[in-house]
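In: My questions concern the predicted model and sequence given below.
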Amino acid sequence: MDLGTDFVAPTVEWYALSPYIALLGGLLLLLLVGALTPRWRRGWYGMMSATTAGVAGVLAALQFADLGTAAPRTLVKGALAQDRFGLLAFITICMAVVFTSMTMADAAARSAADTAPRSTDSLEHYALLLTAGIGAAIMVTANDLIVSFLGIEILSLSLYVLAASDRRRAASQEAGLKYFILGGFASAFLLYGIALVYGTTGQTGLNDIGVVLADEVSVPRNDAMLLAGIALLLVGFGFKVALVPFHSWTPDVYQGAPTHVTGFMASLGKVAAVVALVRLFVVAFPSRADDWRPAVFGLAVLTLVVGSVLAIVQTDVKRMLAYSSVSHAGFMLVGLEAAGRIGSESASDGVSAALIYVVLYSVLALGSFAAVSIVAGAASATSLDVFKGVAKTNPVFALGFTVLLLAQAGVPLTSGFVAKFGVIRAAVSTESYVLAVLAMVSAVIAAYLYLRIMVSMWLAEPVTVAPRTITIAGRLTLGVAVVITLVLGVLPTWLLDLGDSLTSLVR
Amino acid sequence: MPEPTTLSYLVVAALLFVIGTVGVMVRRNPLVMFMCIELMLNAVNLSFVALARELTDINGQSIVFFVLVVAAAEVVVGLGIIVAIMRNRSSLSADDMAELRG
């Protein structure tokens, strides 16, 4: 019997998968070579992980350009989606890994200069950055509920460890434990949601679910189970994205984690969770939009209002930025709500607006937390008092940070304005006026928070006269974030022109 | 004695899931909270198997293996974090984890 004749080897699309392979290959190389060789010189681990993510990002950008306006397709038997929506998020994720590698090396150099002997510049931290990057990359392109769940878990498990990675501070370990317990709790809800949706439709592929649900006749209309599944998925993602009332972990974890890790969570974690959430609801459940849109509306209202109101009463800058990231998530939900108005012609605007918002926010988050990390120094002191008079000692640095804060507030000529304008326009054109007004009001409330930091930096007397030392990595991260913020703020046309090609998802 | 149906399995799974959820919310020992999360994951596994049997679809059963692997990975990370905390503190209670608040 000749077994060989029946066997058809699957075709592997090496080129389309190359960004994932680059990330994974770099990670394995780093782990293997790092384990077999003596400790590398400081900064080289970071260089390695930054290069890996950079290569993956360039490969993803090539695919993004190649794809053009061509129809999206699936890879690996429908497990991954190859579309511009996912690839733009992929590029953002690689950028977050590159910059976090640099800020992490920076923080390690600073703590080595400090009296504490235990340096954080160890191989494992950079390996975890890459692992988190792979998880996030899988999440944003996953076209299957189980693949998406595996991506979420790869990302979350890496982030739990990274949050607890500063062994000198008890706060860091507390943050790790809180994140772990609540993250695991959320994952269980998410998985139960997947099980119930699978039970109703018999499918796990997002587009397969969409097709089955669109065909009302063939569906065994077990709507109670399906709706419970959708609700559980929304709760699970609500924890991951940090939507009110599932946000309670955010301020504690953001404050306790090392500052560069906080920036990583706020940028990469947010991109991955929001993109996966939007893809899930837009691809799998468009025919049930009338059921989930009111829930998203309620979450958006709560998130916008509670996020910005609680942000202004905080006294710790990292907690402030944590609540501000909650309130930013509310804006992204405004985009998702608009995407849920399936009947409207502008529904797809909501999809691209939410994506562009989260991409632009991730740049701001990376830059802002890098700036906080520089001001806080090795002592990790992040109360608002530490920021007093920074403008007198480091004027250029303070100017850059001010630009990022203004952008987060949504001031015109910055990328933050483009992002907020996009979601509010999508809300208005789908006649979701209540949300549009609430979003604008909450932007005004949140502006007070950014003003408080700016006033503290520019108007208060400095506590210490000595200027803070800023390394090249710190300058580079902050500089690139400021340049992206200003360039996209002044010339947003090409980004907005992408809009249409971003919204064609695999269906 | 009636034959158990798919629905009976789903009800048991839902009960286990609720017990796990309540456990996470009321218990104060991180280890016990963690065990409750594992209980929730296993409740989901039970539903997956029951649903796969009902749909006569093998995918649901293979998903369970993925979930088992994820749960094992969670144990590794979770216990690692808990041990790291135990080295610095004598007791372990969620009520002591109150350095971060505001």
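Out: Nice, I can see it.

In: and B:Asn45, how many neighbours?
Out: Neighbour count of B:Asn45, defined by other C-beta atoms under 10 Å in any protein chain shown: 22. Just so you know, the C-beta spots here come from the backbone N, C-alpha and C atoms, and that holds for glycine as well.

In: go on, A:Leu384?
Out: A:Leu384 has 18 neighbours, counted by other C-beta under 10 Å.

In: give me every residue that touches it.
Out: Residues in contact with A:Leu384, defined by C-beta atoms under 8 Å, 6 or more residues apart in numbering or on different chains, are A:315-317, A:320, A:452-453, A:456.

In: so how far is chain B from A:Ile312?
Out: Plainly put, A:Ile312 is 13 Å away from chain B if you go by C-beta to the nearest C-beta, to the nearest Å.

In: wouldn't that residue be in contact with A:Leu451 here?
Out: No. Using C-beta atoms under 8 Å as the test, A:Ile312 is too far from A:Leu451 to be in contact (9.5 Å).

In: packing partners for the helix or strand containing A:Leu182?
Out: Per DSSP states H and E, A:Leu182 falls inside helix A:170-201. Counting by 3 or more C-beta pairs under 8 Å, 6 or more residues apart in numbering or on different chains; DSSP states H and E, the packing neighbours recorded for helix A:170-201 are helix A:145-163, helix A:206-214, helix A:223-241, helix A:249-256, helix B:6-26, helix B:30-55, helix B:59-88.

In: and with 6 Å instead?
Out: Packing contacts for helix A:170-201, counted by 3 or more C-beta pairs under 6 Å, 6 or more residues apart in numbering or on different chains; DSSP states H and E, involve helix A:145-163, helix A:223-241, helix A:249-256, helix B:30-55, helix B:59-88.

In: Is the second one positioned near chain B?
Out: Translated: helix A:223-241. No. Residues of helix A:223-241 contacting chain B under C-beta under 6 Å from any C-beta of the partner chain: none, with a closest distance of 8.7 Å.

In: before we move on, back to that, just the angle between the helix holding A:Leu182 and helix B:59-88, please?
Out: Angle, helix A:170-201 to helix B:59-88, by axes from the mean of the first three to the mean of the last three C-alpha atoms, to 10 degrees: 170 degrees.

In: For chain B, which residues are neighbours of chain A?
Out: So chain B meets chain A at B:24, B:33, B:37, B:40-41, B:44, B:47-48, B:51, B:55, B:57, B:63, B:70, B:73-74, B:77-78, B:81, B:84-85, B:88, B:97, B:99-100, B:102 (C-beta under 6 Å from any C-beta).

In: switch to 7 Å and redo it
Out: B:17, B:24, B:30, B:33-34, B:37, B:40-41, B:44, B:47-48, B:51, B:55, B:57, B:59-60, B:63, B:66-67, B:70, B:73-74, B:77-78, B:81-82, B:84-85, B:88, B:97, B:99-100, B:102 (C-beta under 7 Å from any C-beta of the partner chain).

In: so who does the most centrally placed residue in chain B touch?
Out: Central residue of chain B (C-alpha atoms, centre = their mean): B:Glu38, 2.3 Å from the mean position. Contacts for B:Glu38 (C-beta atoms under 7 Å, 6 or more residues apart in numbering or on different chains) come out as B:Ala71.

In: what does the model give it for pLDDT?
Out: pLDDT for B:Glu38: 95.

In: how far away is it from A:Gly202?
Out: To A:Gly202, B:Glu38 is 27 Å away according to C-beta to C-beta, to the nearest Å.

In: where does chain A dip in pLDDT?
Out: Applying pLDDT under 70 to chain A flags residues A:1-5, A:113-120, A:216-221, A:378.

In: no, scratch that, I was asking about chain B
Out: Low-confidence regions of chain B, defined by pLDDT under 70, span residues B:102.

In: go with 80
Out: B:1, B:88-102 (pLDDT under 80).

In: With A:Leu406 as the reference, measure out to the closest residue to A:Ile230 other than its chain neighbours.
Out: In this structure, A:Ile230 finds its nearest non-sequential neighbour in A:Trp292, 5.7 Å apart by C-beta to C-beta, 6 or more residues apart in numbering or on different chains. The gap separating A:Trp292 from A:Leu406 is 35 Å, by C-beta to C-beta.

In: The nearest residue to A:Arg293 once chain neighbours are set aside: neighbour count?
Out: Sequence neighbours aside, A:Gly340 is the residue nearest to A:Arg293 in space, at 3.7 Å (criterion: C-beta to C-beta, 6+ apart). Other residues lying near A:Gly340 total 26 when counted by other C-beta under 10 Å.

In: which ones are touching A:Gly340?
Out: Each residue near A:Gly340 by C-beta under 7 Å, 6+ apart is listed here: A:289, A:292-293, A:296.

In: So of these, which two are at opposite extremes in space?
Out: The largest separation in these, counting by C-beta to C-beta, is between A:Ala289 and A:Val296 at 9.4 Å.

In: okay, those two: which has more neighbours?
Out: Neighbour count, other C-beta under 10 Å: between A:Ala289 and A:Val296, A:Val296 has more, with 23 against 19.

In: Let me see the ranges of the strands in the stretch 1-150 of chain A.
Out: Taking DSSP state E, counting those that start in this stretch as the test, the strands found in the stretch 1-150 of chain A are A:73-75, A:80-82.

In: Show me how far the first one is from its chain's centre.
Out: How far strand A:73-75 lies from its chain's middle: 23 Å, per C-alpha atoms, centre = their mean, to the nearest Å.

In: hmm, back to that, so which of the contacts of A:Leu384 belong to strands?
Out: Among those, DSSP state E puts none in strands.

In: now these in TSV, with neighbour count?
Out: Below are the contacts of A:Leu384 laid out as TSV (neighbours: other C-beta atoms under 10 Å in any protein chain shown):
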residue	neighbour count
A:Thr315	12
A:Asp316	19
A:Val317	27
A:Met320	27
A:Arg452	19
A:Ile453	22
A:Ser456	18
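
In: circling back: quick one: the residue nearest to A:Ile230 and A:Val309, what's the gap?
Out: Taken as C-beta to C-beta, the span from A:Trp292 to A:Val309 is 26 Å.

In: and these two? which has more neighbours close in?
Out: Between A:Trp292 and A:Val309, counted using other C-beta under 10 Å, the more crowded position is A:Trp292 (20 against 15).

In: what's around A:Gln82, how many residues?
Out: The tally of other residues near A:Gln82 (other C-beta under 10 Å) stands at 22.

In: check contacts around it.
Out: A:16, A:72-75 are the contacts of A:Gln82 under C-beta under 7 Å, 6+ apart.

In: Kindly report the same for A:Ala142.
Out: Taking C-beta under 7 Å, 6+ apart, we find A:Ala142 in contact with A:80, A:148, A:151, A:276.

In: does A:Arg167 count as helix, strand or coil?
Out: Look at A:Arg167: counting by DSSP: H, G, I helix; E, B strand; the rest coil, its state is coil.

In: what about B:Arg89, how many neighbours?
Out: Residues lying near B:Arg89 (other C-beta under 10 Å) number 13.

In: nearest spatial neighbour of it, skipping sequence neighbours?
Out: Counting by C-beta to C-beta, 6+ apart, the residue nearest B:Arg89 is B:Asp96, at 6.8 Å.
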